[in-house]
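Novice: Structure for the following, please:
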Amino acid sequence: MATPVRFWVDPICPWCWTTSQWIRRIAAEKDLDITWEPISLLVKNQTAPDSPFYGAVVWTRGLLRVMESVRAAGHGDRLGALYTEYGRRIHHRNERLWDASEALAAVGLDESHAAAADDEAWDAPLLERMHQGLALVGDDVGTPIISLVRRDGREVAAFGPVVTKAPAHAESLALWDAFVTLTELDEFWELKRIRTVRPEFGDAP
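Specialist: As a prediction, the model looks like this:
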């Protein structure tokens with residue numbers, strides 16, 4: 001039986017993007033059933049209007065609203081493809097502030113969902129799902145957040161793993177096994193070292 005995994009994303013986050021590419025590459029081999037969840041860095045970080053990041057995170061909150069519209073229409077299984085299209089444009093093409101209808105069309109979804117980007121009504125389901133992730137790990141984290149269901153049936157989660165790029169195949173599989181082991185340990189708290197390099201996106205998916 002497939003392992004249910006939840007992965008919280010803000011499309012603007014480059015570290016979230018590199019980790020998402022890692023988990024997508026091993027999902028079939030590890031039999032992972034990934035649900036893509038929203039975390040708005042605008043809301044999470046309480047980004048002020050005078051911040052240089054404000055315009056970007058306001059825009060990606062709109063992209064997350066679009067994802068919730070797609071989910072509500074019964075196409076939750078297409079959110080991975082939509083998020084990948086977002087990331088391809090943002091991180092590989094360095095494109096910003098495009099209309100969500102372009103990404104929707106690129107993955108064969110109804111372009112009418114783009115209207116959700118400017119509709120505050122979608123903030124309720126977005127924030128509900130966002131807070132589900134934060135309830136599992138606490139507020140003092142960013143993205144990515146990944147959850148899984150332990151052998152005892154309890155959902156657990158952790159911030160990370162943060163990777164500069166997807167490791168080689170064998171190491172990618174081993175990283176997942178290590179993540180599962182650490183996440184399932186009640187005694188485990190934190191493992192971290194200071195980042196010294198920027199993300200490497202490699203070829204676009």
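
Novice: C-alpha from now on. contacts and neighbour counts both.
Specialist: Will do.

Novice: Am I right that Ala158 sits in a strand?
Specialist: Yes: counting by DSSP: H, G, I helix; E, B strand; the rest coil, Ala158 is located in a strand.

Novice: contacting residues around it?
Specialist: Leu136, Val137, Ile145, Ile146, Ser147, Thr183 (C-alpha atoms under 8 Å, 6 or more residues apart in numbering).

Novice: Verify the stated contact: Leu79 with Ser69.
Specialist: No: under the criterion of C-alpha atoms under 8 Å, Leu79 is not in contact with Ser69, lying 10.4 Å apart.

Novice: taking the mean pLDDT, what do you get for the lengthiest helix in the chain?
Specialist: With DSSP state H setting the assignment, residue counts place helix 54-72 as the longest helix in the chain. The average pLDDT within helix 54-72 is 98.

Novice: mind listing the strands in this protein by residue range?
Specialist: For the chain, the strands defined by DSSP state E occupy 3-9, 32-38, 145-149, 155-159.

Novice: Which residues belonging to stretch 112-121 are considered buried?
Specialist: The neighbour-count check on stretch 112-121 (16 or more other C-alpha atoms under 10 Å) flags His113, Ala114, Ala116, Ala117 as buried.

Novice: is it true that the second one touches Ala105?
Specialist: Meaning Ala114. No: in this structure Ala114 lies outside contact range of Ala105 using C-alpha under 8 Å: 9.9 Å.

Novice: Let me know how buried Leu64 is, in neighbour terms.
Specialist: A count of nearby residues for Leu64, using other C-alpha atoms under 10 Å, gives 25.

Novice: Name all residues that make contact with it.
Specialist: Leu64 neighbours (C-alpha under 8 Å, 6+ apart): Asp10, Pro11, Pro38, Ser40, Ala117, Leu126.

Novice: Retrieve the pLDDT associated with the second one.
Specialist: What it means is Pro11. 98.

Novice: picking that back up, now, the buried residues of stretch 112-121 that are in helices?
Specialist: Short answer: the buried residues of stretch 112-121 have none in helices (DSSP H).

Novice: Go through the contacts of Leu64 and name the one nearest Glu95.
Specialist: Pro11 (12.1 Å; C-alpha to C-alpha).

Novice: From Arg78, how far out is that closest one?
Specialist: 15 Å (C-alpha to C-alpha, to the nearest Å).
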